[in-house]
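> Here you go, sequence then predicted model.
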Amino acid sequence: MKVRTILTANVTSKAGTDDQFKINIPKKTDVKELEFVLIQTMYWMVCNYAEANNLPFETALEQYARAVIVQVGVMKDLSDGEA
């Protein structure tokens, strides 16, 4: 069996500063592989959120989707220097 790294994520914490996140995706990573990993991760996160909050999956998915939209918008504003 061959194992390949699709992505790695690290966080560096230092007192007095915000955490620094670094995500590395190897250049040879296939887009479909990356999409699968990201969507599978989000699926597990929604399942955990639903279970932890005693919600139906569909309700948790709607809430999670709205939260992701807001967070991605914030990240875009920060990258544009608008925040």
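Structure's in. What do you need?

> Tell me where the chain has helices.
Using DSSP state H, the helices of the chain run over 31-52, 57-79.

> need these in CSV with distance to residue 14, can you?
(Each C-beta comes from the backbone N, C-alpha and C, glycine too.) Listed next are the helices of the chain as CSV, based on distance: least, C-beta to C-beta, whole Å:
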stretch, distance to residue 14
helix 31-52, 26
helix 57-79, 20
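
> who wins for proximity to residue 17 among those helices?
helix 57-79 (15.9 Å; C-beta to C-beta).

> circling back: quick one: closest of the helices of the chain to residue 22.
Across the helices of the chain, closest to residue 22 is helix 57-79 (C-beta to C-beta), at 14.7 Å.

> Buried ones in the closest one, by neighbour count?
Buried residues in helix 57-79, counted by 16 or more other C-beta atoms under 10 Å: 60-61, 64.

> Can you list the low-confidence ranges for the chain?
The chain contains residues with pLDDT under 70 at 83.

> quick revisit: return the closest of the buried residues of helix 57-79 with respect to residue 38.
Taking C-beta to C-beta as the measure, residue 38 lies nearest residue 64 of these, at 13.6 Å.

> Make sure the closest one is actually in contact with residue 46.
Yes. Applying C-beta atoms under 8 Å, one finds residue 64 in contact with residue 46, separated by 4.9 Å.

> contacting residues for residue 49?
Contacts here follow C-beta atoms under 8 Å, 6 or more residues apart in numbering; on that basis residue 49 touches 55, 60, 63-64.

> Can I get the residues you listed in a markdown table including distance to residue 75?
As requested, the contacts of residue 49 are arranged in a markdown table below (distance: C-beta to C-beta, whole Å):
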| residue | distance to residue 75 |
| --- | --- |
| 55 | 25 |
| 60 | 22 |
| 63 | 19 |
| 64 | 16 |
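
> which two in those are spaced the farthest apart?
The widest separation within the contacts of residue 49 (C-beta to C-beta) is 9.9 Å, between 55 and 64.

> Out of the buried residues of helix 57-79, which is nearest to residue 29?
When these are compared against residue 29 (criterion: C-beta to C-beta), the nearest one is residue 64, at 24.8 Å.

> No further queries at this time; thank you.
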